[in-house]
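[1] okay, predicted coordinates and the sequence, questions at the end:
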Amino acid sequence: ETGVTQSPTHLIKTRGQQVTLRCSSQSGHNTVSWYQQALGQGPQFIFQYYREEENGRGNFPPRFSGLQFPNYSSELNVNALELDDSALYLCASSGWGFTGELFFGEGSRLTVL
Amino acid sequence: KNEVEQSPQNLTAQEGEFITINCSYSVGISALHWLQQHPGGGIVSLFMLSSGKKKHGRLIATINIQEKHSSLHITASHPRDSAVYICAILSISNFGNEKLTFGTGTRLTIIP
């Protein structure tokens, strides 16, 4: 039990739709990061938020966007869904960027039809 | 070529065997994480290393910064150690921010 919860756990969307995934951080953690993991692959870093500001981004297009709220919970939004967006989306919280221990949620599995 | 390479991709061993999983990387890093992922997706952080060696129970992680290489060892392996083990490197992107780059993982199966 990491104290990081994600919702929803599973969802199905169609191409062109928009999706919002949510993550609640472990208490006291001000950094959250999001990852996309395709089947059989390692996770890919999407972006990181620190104190409500994006402070790092991987190689993902602008239709992947995020928010971090004052309570340090976070959202990942994906617009104009494509079939290749089907994946497990993981969030992780930490006390200070990536140099502290990362606490992962169980993930949200997105299927795009 | 990926910045992070893990070997082997798959490993099957008998209970009790000593396990070694390797991670090599090609860029300068400030830290390296070892993670464990069970079926269903949940990821647990095992270690974060920037130099030397760390030990936790039956798990040992080492890193050689000069050789750009890290290893994860499991002593007295047990079926509950069966999982995918992933290494991830922390480096600075071309834009000057931190980024975490993952290997594709090593699938470990321990047979009773």
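    Looks like it came in fine. Numbers count the residues shown, from 1 in each chain, chains lettered A, B, ... in the order given.

[2] list the buried residues of stretch B:60-79.
    The neighbour-count check on stretch B:60-79 (16 or more other Cβ atoms under 10 Å in any protein chain shown) flags B:I60, B:A61, B:T62, B:I63, B:K68, B:S70, B:S71, B:L72, B:H73, B:I74, B:S77 as buried. Every residue, glycine included, has its C-beta placed from N, CA and C.

[3] strands paired with the helix or strand of chain A with the lowest mean pLDDT, and their directions?
    Taking mean pLDDT, DSSP states H and E as the measure, chain A has strand A:53-57 as its least confident helix or strand, at a mean of 86. Looking at strand A:53-57 with DSSP bridges, its partner strands are strand A:44-50 (antiparallel).

[4] how about residues contacting the partner strand?
    A:30-38, A:54-60, A:64, A:66-68, A:74, A:76, A:97-98, B:97-102 (Cβ atoms under 8 Å, 6 or more residues apart in numbering or on different chains).

[5] B:A61: what secondary structure?
    For B:A61, the secondary structure call by DSSP: H, G, I helix; E, B strand; the rest coil comes out as strand.

[6] once you drop chain neighbours, what's closest to it?
    Once flanking residues are discounted, B:A61 sits nearest to B:F47: 4.2 Å by Cβ to Cβ, 6 or more residues apart in numbering or on different chains.

[7] same check on A:E54?
    A:F47 (5.6 Å).

[8] same thing with B:G41?
    In space, B:G41 is closest to A:G107, 4.2 Å off (Cβ to Cβ, 6+ apart).

[9] go ahead and confirm A:P8 touches A:S108.
    Yes: using Cβ atoms under 8 Å, A:P8 makes contact with A:S108 at a distance of 6.0 Å.

[10] which one's more surrounded, the two?
    A:S108 (23 against 12; other Cβ atoms under 10 Å in any protein chain shown).

[11] that one and A:G3: what is the separation?
    17 Å (Cβ to Cβ, to the nearest Å).

[12] so A:D84 lies in a helix, does it not?
    Yes: A:D84 forms part of a helix when assessed by three-state DSSP.

[13] for B:I60, name its beta-bridge partners.
    If you apply DSSP bridges, the partners that B:I60 bridges to are B:K55, B:H73.

[14] so the helix or strand of chain B with the lowest mean pLDDT versus strand A:44-50, what angle?
    The helix or strand of chain B with the lowest confidence, counting by mean pLDDT, DSSP H and E, is strand B:98-102 at a mean of 86. Strand B:98-102 runs at 150 degrees relative to strand A:44-50, counting by axes from the mean of the first three to the mean of the last three Cα atoms, to 10 degrees.

[15] pairing partners for strand B:98-102, with directions?
    Assessed with DSSP bridges, strand B:98-102 is paired to strand B:83-92 (antiparallel).

[16] name the residues that touch the strand it pairs with?
    A:42-43, A:98-99, B:3-4, B:6, B:21, B:23, B:25, B:27-39, B:43, B:46, B:70, B:72, B:98-108.

[17] got it, and stretch A:82-92?
    In contact with stretch A:82-92 (Cβ under 8 Å, 6+ apart) are residues A:4, A:6, A:15, A:21, A:23, A:32-39, A:43, A:74, A:76, A:78, A:102-105, A:107-113, B:41, B:43.

[18] hmm, 6 Å instead?
    A:6, A:21, A:23, A:32-38, A:78, A:102, A:104-105, A:107-109, A:111-112, B:41 (Cβ atoms under 6 Å, 6 or more residues apart in numbering or on different chains).
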